[in-house]
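[1] based on what follows, work out the 3D shape:
(4 chains)
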There are 2 protein chains.
Amino acid sequence: MNSKEKILSKAIVLFAEKGYSGLSMRMLATAVQMSVAAIYHHFPDKNTLYLEAVRFAFSGKELVFAQVWESACPPEEKLANFVRSLIEVIVQDRDFHRLMQREIMEANPERLQLLAQGVFKKQFCLLMQFTAELAPELDAYLVATSIIGLIKNYIDYEPLQRYFPGRKPEHDQPEIIAAHITTLLLQGLKMTGTRS
Amino acid sequence: MNSKEKILSKAIVLFAEKGYSGLSMRMLATAVQMSVAAIYHHFPDKNTLYLEAVRFAFSGKELVFAQVWESACPPEEKLANFVRSLIEVIVQDRDFHRLMQREIMEANPERLQLLAQGVFKKQFCLLMQFTAELAPELDAYLVATSIIGLIKNYIDYEPLQRYFPGRKPEHDQPEIIAAHITTLLLQGLKMTGTRS
DNA sequence: AGATAACTACCGAACGTTCGTTTAGGTAAA
DNA sequence: TTTACCTAAACGAACGTTCGGTAGTTATCT
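    Okay, here's the model as predicted:
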């Protein structure tokens, strides 16, 4: 790993943790054990560094889901696989996820558009295409959004919900969450007794 | 509205927009048309001001849902009412919502515990209690989390999803979203033709 | 009632620190 | 000799915070 990649990968972690204005160039320089000017040798300014870090974090994430959609499973199983994959991707790369969340909260419209079309659009379309097959009577856009929302919320608010009653150790296990979400999606709340 | 409240309500908006380190005391002073020292007259330091702003934003939010739970509707209607109420609360007070999101992302464990137990715990318990009645076979904690996640995601990621295909003007209307979420929850994806 | 002390709310100016960024220069490999 | 990569030191600007002081109101005492 060269210096530039070292800076970028550390920047992802620290920007995700502290936010854009919360991380100073000096902090980053200390973290990668370089001088501030060394960073400025690789990047013209802080903003460019930030954008490159975001882009760096996003690269290579798309490939994970390709095999889910391409597999020859029945639709219900495909849905379960997608849910499980997305949970795992988010859980395993929390820095990426937090950085993304910050971007969506803070970014200006142009950058959001870039993000939407460059990174997420294709995945969202694949999901919509699939839900259209699975539930043709429903609005595919809304269903896809719902699925993403169900999954993301477990990760986003886990630190808060840790302090709520009813929390059990098994709620830390991605497979349990994935199973719950899949069942909920397929059968709704009015199901006829499958699990307690 | 006195000066202290004026400072606090403006701080909520600006902290939500720029984050803790993104908002300087000088900016805030300019925004409320006071001197920096005037702010320091009311608050000992920036951190205390931030915490008081968070607390100020949270006050009085609990009352909205009381009547939902107390009403004598059938459970399905109760669920629909809750979904609609939560969406409306979030949509109408976006600053509160963004501030909350930031807190959950950035706050340390002690502050999270304070937030969880002081603000959200009671509401979450009421929702769990209700879902336990509605779907006794399911894990109430997971169901409650799912419902919150379904609702919140529409608001959180709306700015991003604006750039996705399949987006329609009606997706801006809270009632449409509420109806979709309620139907999805009650019947799941495998429903027998109710809406397109 | 009138003088005075105390208090509240605010201001301009400055404190020391840290910020993003630049400059001038050094070192090793090609 | 050039190029890539790095350093120490410094720049002005902005940061959180403090200080001394000034109006205006309220309370206290004669």
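
[2] name the element A:L160 belongs to?
    Assigned by DSSP states H and E, A:L160 belongs to helix A:158-161.

[3] sorry, slip of the keys, the one I care about is A:Y163.
    With DSSP H and E as the test, A:Y163 turns up in no helix or strand.

[4] nearest residue to it other than its sequence neighbours?
    Of all residues not flanking A:Y163 in the chain, B:A116 sits nearest, at 3.6 Å (CB to CB, 6 or more residues apart in numbering or on different chains). C-beta coordinates here come from the backbone N, C-alpha and C atoms, glycine included.

[5] what's the answer for A:P165, then?
    That would be B:C125: by CB to CB, 6+ apart, it lies 6.5 Å from A:P165.

[6] what count of nearby residues applies to that neighbour?
    15 (other CB atoms under 10 Å in any protein chain shown).

[7] ok, A:G19 next?
    A:G19: 22 surrounding residues under other CB under 10 Å.

[8] ditto for A:A38
    Residues near A:A38, counting by other CB under 10 Å: 13.

[9] now it, what's its secondary structure?
    Secondary structure, DSSP: H, G, I helix; E, B strand; the rest coil: A:A38 is helix.

[10] how about A:E62, what does it touch?
    A:V119, A:K122, A:Q123 (CB atoms under 8 Å, 6 or more residues apart in numbering or on different chains).

[11] of these, grab the buried ones for ChimeraX.
    In ChimeraX, a selection of the buried entries from the contacts of A:E62 looks like this (16 or more other CB atoms under 10 Å in any protein chain shown):
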select /A:119,123
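
[12] so where is chain A shaky, pLDDT-wise?
    Applying pLDDT under 70 to chain A flags the ranges A:189-196.

[13] picking up where we left off before, measure the residue nearest to A:Y163 to B:L184 for me?
    27 Å (CB to CB, to the nearest Å).

[14] more neighbours, those two?
    When B:A116 and B:L184 are compared for neighbours, B:L184 comes out ahead with 23 against 19, by other CB under 10 Å.

[15] tell me if I'm right that that one and A:I147 touch.
    No. In this structure, B:L184 is not within contact of A:I147 by CB atoms under 8 Å, at 9.7 Å.

[16] which neighbours do those two share?
    Counting by CB under 8 Å, 6+ apart, the residues touching both B:L184 and A:I147 are A:L185.

[17] for A:R26, what are its contacts?
    A:V36.

[18] scratch that, A:Q123
    Counting by CB under 8 Å, 6+ apart, A:Q123 has contacts A:E62, A:F65.

[19] which of the helices or strands spans the residue nearest to A:P165?
    helix B:121-134.

[20] would you mark the buried spots in that helix?
    B:K121, B:Q123, B:F124, B:L126, B:L127, B:M128, B:F130, B:T131, B:A132, B:L134.

[21] and after that helix, which helix or strand comes next?
    helix B:140-156.

[22] next, the angle helix A:140-156 makes with that next one.
    120 degrees (axes from the mean of the first three to the mean of the last three CA atoms, to 10 degrees).

[23] what's helix B:140-156 packed up against?
    helix A:140-156, helix A:174-187, helix B:75-92, helix B:94-106, helix B:121-134, helix B:174-187 (3 or more CB pairs under 8 Å, 6 or more residues apart in numbering or on different chains; DSSP states H and E).

[24] mind running it again at 10 Å?
    Helix B:140-156 is packed against helix A:94-106, helix A:140-156, helix A:158-161, helix A:174-187, helix B:75-92, helix B:94-106, helix B:121-134, helix B:174-187, with contacts defined by 3 or more CB pairs under 10 Å, 6 or more residues apart in numbering or on different chains; DSSP states H and E.

[25] thank you, goodbye.
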